[in-house]
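Q: Structure, please.
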Amino acid sequence: MNSRAAIGVVVALAAAGVLCLGGIGYGQVRAYLAAGQQPAAGAPGCGAAGTAQVRVAGTVKVPGFTAEQAANGRTIVQVGQQMAVPPRGWVIAVATAMQESNLHNLGDLGARNDHDSLGLFQQRPSQGWGTPQQVMDPVYASRKFYERLLKVSGWQQMPLTVAAQRVQRSAFPNAYAKHEPKAAALVGAVSGGADLAGQQPGQCAAPAEVTAGGWVNPVKASVGSSFGPRGGRLHAGVDLITARRTVIRAASAGTVIKAVCDGATARARGCDVDGSPSTPGCGWFVDLQHADGVITRYCHMIQRPLVSAGDHVAAGQQLGLVGSSGHSSGPHLHFEVHLHGDRSSKGAINPVPWMKNHGAPLGGTA
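A: Below you'll find the predicted structure:
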């Protein structure tokens, strides 16, 4: 394959005052941009379009990508913008191309070719994707990918690997997930922050809307007790104060690990009554396993959760209702984020910066 001429990635930072975090998170985007770049006038925010095109503000390179890969990623994003595909679709498309071609526009590889697969997405002319010349055109190939993605019912709430597989029908259906973090970073860089504008054109992220990175605010509620030491032990999450029976949503797609009455609560007084500051345990709670060893926890539900261990849930799917079971002095959701697959307090991190950097900041009023 002949390499395309090396070009820089043209990006523009969103203006510093734009905090409508519907995408990957402003901090993550900034980390992938070279120092000294100036924001472009009219940077994307929560305006009428929501899918603003990239503005020229200097030439930078994106760490971890060659100029060719970044240019192909930029093409995929721009086609998605032109088609008014929500930013989540851009991440899915870029991650798919990373798996299929490593973001190279591959021609016929001879004996090493997989059947008649060609181009960024390894689309097969024999399977109705277009002529060989068409699927070798990155713009055409990207458009065909998005056309099929948009026909998948509920694709925005699906785990990335599921949505990609519904389009690609790959022999390795779980391979796409590993590319999601890097794809999200590339999308944030080459879109100049346009992915921060919200999931739907003209809207900021609402509680049940999925960000480009695949995250959702579990409840829109004010933050009460914060993460950190409390009474000689770690308060391993934050308390989101809201009304009894407020809907609790999955913060991201994943698999239910536990959906039970905490054993300590069950032994003390059970989970079907309000707890107290002297009652131990989480009450009715759910643990979800997400990609890359991330776990989220949802405590103090009012009744048995609506999901069970082993269930696969979509981002934003209802898990249960806010209550006050377990170690609780009033209705609220106790929400935790754990890393490295560690459900203990050692794996817990402060969920406030985590959710902000993933485009679904905690806080606000219901």
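
Q: I'd like to know how far the closest residue to residue 276 other than its chain neighbours sits from residue 275.
A: Ranked by Cβ to Cβ, 6 or more residues apart in numbering and with sequence neighbours excluded, the top spatial neighbour of residue 276 is residue 329, at 6.8 Å. Just so you know, the C-beta spots here come from the backbone N, C-alpha and C atoms, and that holds for glycine as well. Going from residue 329 to residue 275 by Cβ to Cβ, to the nearest Å gives 8 Å.

Q: what about those two, which has more around it?
A: The residue with more neighbours, out of residue 329 and residue 275, is residue 275; 25 against 14, by other Cβ atoms under 10 Å.

Q: Wait, the more buried one touches residue 328, no?
A: Yes. Assessed by Cβ atoms under 8 Å, residue 275 is found in contact with residue 328 at 4.5 Å.

Q: Overlap in contacts, those two.
A: When Cβ atoms under 8 Å, 6 or more residues apart in numbering defines a contact, the residues bordering residue 275 and residue 328 alike are 283, 300.

Q: picking that back up, does the residue nearest to residue 276 belong to a helix or a strand, and which?
A: Using DSSP states H and E, residue 329 falls within no helix or strand.

Q: what's the host helix or strand of residue 181 packed up against?
A: Following DSSP H and E, one finds residue 181 within helix 180-190. Packing partners of helix 180-190 (3 or more Cβ pairs under 8 Å, 6 or more residues apart in numbering; DSSP states H and E): helix 26-31, helix 67-82, helix 87-101.

Q: I'd like to know which elements the longest one is packed against.
A: Under the contact definition 3+ Cβ pairs under 8 Å, 6+ apart, helix 67-82 sits against strand 9-10, helix 87-101, helix 138-149, helix 180-190.

Q: tell me the most buried of the ones you listed?
A: Of these, the one with the most neighbours on average (mean count of other Cβ atoms under 10 Å) is helix 87-101, at a mean of 28.

Q: Next, the angle helix 138-149 makes with that helix.
A: If you take axes from the mean of the first three to the mean of the last three Cα atoms, to 10 degrees, helix 87-101 sits at 120 degrees to helix 138-149.

Q: buried stuff in the following helix or strand past helix 87-101?
A: Downstream of helix 87-101, the first helix or strand assigned by DSSP H and E is helix 132-135. Within helix 132-135, the residues that count as buried by 16 or more other Cβ atoms under 10 Å are 132, 134-135.

Q: Go through these and say which is closest to residue 282.
A: Taking Cβ to Cβ as the measure, residue 282 lies nearest residue 135 of these, at 51.1 Å.

Q: contacting residues around the closest one?
A: 118-119, 121, 123-125, 129, 141, 144.

Q: rewinding a little: for the helices and strands packed on helix 180-190, please prepare a markdown table with the additional fields distance to residue 178 and mean pLDDT.
A: Listed next are these as a markdown table, based on distance: least, Cβ to Cβ, whole Å; pLDDT from 0 to 100:
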| stretch | distance to residue 178 | mean pLDDT |
| --- | --- | --- |
| helix 26-31 | 18 | 33 |
| helix 67-82 | 16 | 92 |
| helix 87-101 | 8 | 92 |
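
Q: which one of the ones you listed lies closest to residue 240?
A: Nearest of those to residue 240, taken as Cβ to Cβ: helix 26-31 at 21.6 Å.

Q: Contact partners for residue 182?
A: Residues near residue 182 by Cβ under 8 Å, 6+ apart: 64, 95, 98.

Q: and if we set it to 7 Å?
A: residue 64 (Cβ atoms under 7 Å, 6 or more residues apart in numbering).

Q: before we move on, the earlier item: among the helices and strands packed on helix 67-82, which is nearest residue 226?
A: helix 180-190 (26.3 Å).

Q: Mind giving me the packing neighbours of the helix or strand that the closest one is followed by?
A: As assigned by DSSP H and E, the chain's next helix or strand after helix 180-190 is strand 222-223. Identification of packing neighbours for strand 222-223 by 3 or more Cβ pairs under 7 Å, 6 or more residues apart in numbering; DSSP states H and E yields strand 238-241.

Q: Could you rerun that using 6 Å?
A: Using 3 or more Cβ pairs under 6 Å, 6 or more residues apart in numbering; DSSP states H and E, no helix or strand is in contact with strand 222-223.

Q: hang on, the earlier thing: now flag whichever of the buried residues of helix 132-135 is closest to residue 109.
A: Nearest to residue 109, judged by Cβ to Cβ, of those is residue 132 at 13.0 Å.

Q: ok, and the closest non-adjacent residue to the closest one?
A: residue 125 (5.3 Å).

Q: I'd assumed residue 133 was in contact with the one you found.
A: No. Contact criterion Cβ atoms under 6 Å: residue 125 and residue 133 do not qualify, at 9.2 Å.
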